[in-house]
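Engineer: Any chance you can model this:
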Amino acid sequence: MFLFAWKAFFVCIAGALHDIGNAINRKNHGEYGAILAYSLLEKLDIPLTDRVIIVSAIGNHDESTGGAVDAVSAALILADKTDVRRNRVRNEEKSGFDKHDCVNYAVTNATVKVNVQKRSITLNLQIDEDICTMYEYFEIFLGRMMMCRKAAELLGAKFKLTANGSKVL
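Structural biologist: The predicted structure follows:
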């Protein structure tokens, strides 16, 4: 089993709070989020040892400064970095898309499959290459996919990626 039940609960809390730092700034939002989450969890009287696990996951979820340090942070990273999909785009005008909007809008289907027996975690993407090329996808997401690979390894699994039916990683 990848995570014990109590750790899964911590992942759920970290997942709900992981981007709270964006209220301050997108840059360093993981670190800001950890600080804000710590204060919230402290007011809820969450035990210190549990708070530390949760805020560590939040503080380490961003690919520019973080990385998996334990099972909880690894699970949060995998959930966050594999979340690419069309309905994340709020801007309805394609002419106003930034590169992130373009990539997310191009993903018409994304599924994550966990195979416990084979110890693998696979992200399957269907990308409309008329909207975004594979190069454009990887320009933004290569670092995130490498972070997923390391997170999966920390959990004792392999991370795999398929795009448009072809194995990529």
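Engineer: Who are the packing partners of the helix or strand of the chain with the lowest mean pLDDT?
Structural biologist: Sorted by mean pLDDT, DSSP states H and E, the helices and strands of the chain end with helix 5-17, the least confident at a mean of 85. The helices and strands touching helix 5-17, judged by 3 or more C-beta pairs under 8 Å, 6 or more residues apart in numbering; DSSP states H and E, are helix 29-43, helix 48-59, helix 71-81. No exception for glycine: its C-beta is placed from N, CA and C like everyone else's.
Engineer: quick one: low-confidence parts of this structure?
Structural biologist: 1-5, 169 (pLDDT under 70).
Engineer: Recalculate using a threshold of 80.
Structural biologist: Residues of the chain meeting the criterion pLDDT under 80: 1-6, 26, 92, 169.
Engineer: longest helix of it?
Structural biologist: helix 134-154 (DSSP state H).
Engineer: now what about the helix or strand just after it, what contacts it?
Structural biologist: Sequence-wise, the next helix or strand downstream of helix 134-154 (DSSP states H and E) is strand 158-163. Strand 158-163 has contacts (C-beta atoms under 8 Å, 6 or more residues apart in numbering) with 78, 119-127, 134, 137, 145, 148-149, 151-153, 167-169.
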